[in-house]
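Trainee: show me how the following folds:
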Amino acid sequence: MDQHRAVVVGAGIGGLTGAVALHQAGWDVTVLERAAALTPVGAGIGLAPNSQRALDVIGLGDRVRELSAWQGDGGMRAPGGRWLARTSAKAAAERFGGPLVLLHRDTLVEILGSALPDGVVRTGAAASLVDPGDDGRPAVVRTATGEDIEAELVVGADGIHSTLRRTLFPGHPGPAYSGFTTWRLVVPAPDRHFAPHETWGGGRLWGTQPLKDGRIYAYAMAAAPEGAHAPDDERAELLRLFGDWHHPVPEILAAVEPGGVLRNDVHHLIDPLPAFHQGRVALLGDAAHAMQPTLGQGGNQAIEDAIVLAHHVAPGDPPGRALAAYTADRLPRTTAIVRKAARTGRLTLLTAPPAVALRDALIAAVSRFGPGLVLRGFDGIADWRPPLADERARVS
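Mentor: Purely as a prediction, here's the structure:
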């Protein structure tokens, strides 16, 4: 075994961030990605100040901010267009130490991938865990071609349906269906001006956010049976659900090209894992704590995971204590965020008119006290800061 080899299974945002962080920490990194190419879904992602500070640790925060749209003033609306709550970008930046920025996932993957040496990422390389290893023996990962790779550290970043998670924790129930499905799309911006917004209806939600390149990232959510699909196409389904909502929703839907809508049921790990590690294997991102998108923290928490993991593990050191520290840092935090996202999702799923009217009235009442009270819901999330570089030395 290469004494300092780390194998990352999965080249999503969390896996690539982890690979960059481990590479910079002195690991010989190999990333195994099942897909034939690094082609993330055609969707945007919002990066809150917490994940931007994590990316600053590996020197990529400024590049991300340079290529991103900084979220402006906006808020929450009702389907007819009435503002329920106004948000202040300045107030958010002051409270959390920086702005929320938005960019296309393709752009973020390109930034992360460019920070790795050529040959580190192997696409078309599905992998399974043969042996998690321990302090006395390496972990072993097997590729689809039958190649066994020994590693001092294995990172499971293989998503919500993680094969590594199932291998480590076969008795865990795994992801549960949340009760709703989501749609995502990217289209040219409409001619008429609009403010960034998220609009809540009865059992339905729509969000519209601008990207820096002049396009719009829009997302939608609705209560639906698991596995349901539109009888014709997903654009037609969105027109049925949202076509009569306020500007710019109809204009955005009119700009969607055939095949331009991504639909995914939302599953989450509402039952937390007992740990995020076993042997020489650590899980991160959706593999460890898949959450509903209602707080916009899924990718943000994966980035946090990656930076904290690299902070704790050092090439050549026995992994047991380091990975236990990683679990201790990340499991309580992400469990709380998973549960908070689920509570927010339940508010979104309200369908009875009296319950929807009460929810909207409460949101409007809270907003009258100013943006600080609305933003308080992200205290302890968006204000997170990565561990200090010398912290590991102090506690060792």
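
Trainee: tell me which helix or strand comes right after the helix or strand containing Leu238.
Mentor: Leu238 is part of helix 234-242, with elements assigned from DSSP states H and E. Once helix 234-242 ends, the next helix or strand along the chain (criterion: DSSP H and E) is helix 249-254.

Trainee: now do the helix holding Leu238: which elements does it pack against?
Mentor: strand 176-188, strand 204-210, strand 215-223, helix 249-254 (3 or more C-beta pairs under 8 Å, 6 or more residues apart in numbering; DSSP states H and E). (Glycine included, C-beta is placed from N, CA and C.)

Trainee: closest one to Phe369 among those?
Mentor: strand 204-210 (23.4 Å; C-beta to C-beta).

Trainee: which elements pack onto the closest one?
Mentor: Going by 3+ C-beta pairs under 8 Å, 6+ apart, strand 204-210 lies up against strand 197-200, strand 215-223, helix 234-242, helix 249-254.

Trainee: so it versus helix 234-242, what angle?
Mentor: 110 degrees (axes from the mean of the first three to the mean of the last three C-alpha atoms, to 10 degrees).

Trainee: got the contact list for the helix holding Leu238?
Mentor: 79, 183, 204, 206, 220, 222, 230, 249, 253, 256, 258, 260-263 (C-beta atoms under 8 Å, 6 or more residues apart in numbering).

Trainee: hang on, the earlier thing: now the helices and strands packed on helix 234-242 as JSON lines including mean pLDDT and mean neighbour count?
Mentor: Below are those laid out as JSON lines (pLDDT from 0 to 100; neighbours: other C-beta atoms under 10 Å):
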{"stretch": "strand 176-188", "mean pLDDT": "95", "mean neighbour count": "20"}
{"stretch": "strand 204-210", "mean pLDDT": "96", "mean neighbour count": "22"}
{"stretch": "strand 215-223", "mean pLDDT": "95", "mean neighbour count": "22"}
{"stretch": "helix 249-254", "mean pLDDT": "96", "mean neighbour count": "20"}
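
Trainee: any chance of a markdown table for the ones you listed, columns distance to Val29?
Mentor: Putting the helices and strands packed on helix 234-242 into a markdown table (distance: least, C-beta to C-beta, whole Å) gives the following:
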| stretch | distance to Val29 |
| --- | --- |
| strand 176-188 | 30 |
| strand 204-210 | 33 |
| strand 215-223 | 30 |
| helix 249-254 | 40 |
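
Trainee: right, and those - which one's nearest Ile270?
Mentor: Here strand 176-188 is closest among the helices and strands packed on helix 234-242 (C-beta to C-beta), at 5.5 Å.

Trainee: give me the sheet partners of the closest one and which way each runs.
Mentor: Sheet partners assigned to strand 176-188 using DSSP bridges are listed as strand 215-223 (antiparallel), strand 262-268 (antiparallel).

Trainee: so which of the helices and strands packed on helix 234-242 gets nearest Leu375?
Mentor: strand 204-210 (17.3 Å).

Trainee: which residues sit against that closest one?
Mentor: Among residues not part of strand 204-210, those counted as contacts by C-beta under 8 Å, 6+ apart are 44, 46, 69, 71-72, 79, 102, 189, 194, 196-199, 216-223, 241-242, 245, 248-249, 252, 348.

Trainee: same question for stretch 79-96.
Mentor: Here stretch 79-96 makes contact (C-beta under 8 Å, 6+ apart) with 48-50, 70-78, 99-100, 199-201, 204, 242, 244-247, 360, 363-364, 366-367, 370-372, 374-375, 378-379, 382-383.

Trainee: hmm, 6 Å instead?
Mentor: Residues from elsewhere that reach stretch 79-96 (C-beta atoms under 6 Å, 6 or more residues apart in numbering): 49, 71-78, 99, 201, 245-246, 360, 363-364, 367, 371, 374-375, 382-383.

Trainee: contacts only, for the nearest residue to Val266 once chain neighbours are set aside.
Mentor: The shortest distance from Val266 to any non-neighbouring residue, by C-beta to C-beta, 6 or more residues apart in numbering, is to Ser178 (4.4 Å). By C-beta under 6 Å, 6+ apart, the contact set of Ser178 is Val266, His268, Gln292, Gly345.

Trainee: about what we covered before: dump the strands paired with strand 176-188 to JSON lines, plus distance to Leu84.
Mentor: Converted to JSON lines, the strands paired with strand 176-188 look like this (distance: least, C-beta to C-beta, whole Å):
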{"stretch": "strand 215-223", "distance to Leu84": "17"}
{"stretch": "strand 262-268", "distance to Leu84": "23"}
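
Trainee: of those strands, which is nearest Leu168?
Mentor: Closest to Leu168 of these is strand 262-268 (C-beta to C-beta; 18.4 Å).

Trainee: how about that closest one: buried residues?
Mentor: In terms of neighbour count (16 or more other C-beta atoms under 10 Å), strand 262-268 has its buried residues at Arg263, Asp265, Val266, His267, His268.

Trainee: and the pLDDT at the second one?
Mentor: The predicted local distance difference test score for Asp265 is 97.

Trainee: residue contacts, it?
Mentor: Going by C-beta under 6 Å, 6+ apart, Asp265 touches Thr181, Glu226.

Trainee: let's see which of the contacts of stretch 79-96 end up in strands.
Mentor: Of the contacts of stretch 79-96, the ones assigned to strands by DSSP state E are Gly74, Gly75, Met76, Arg77.
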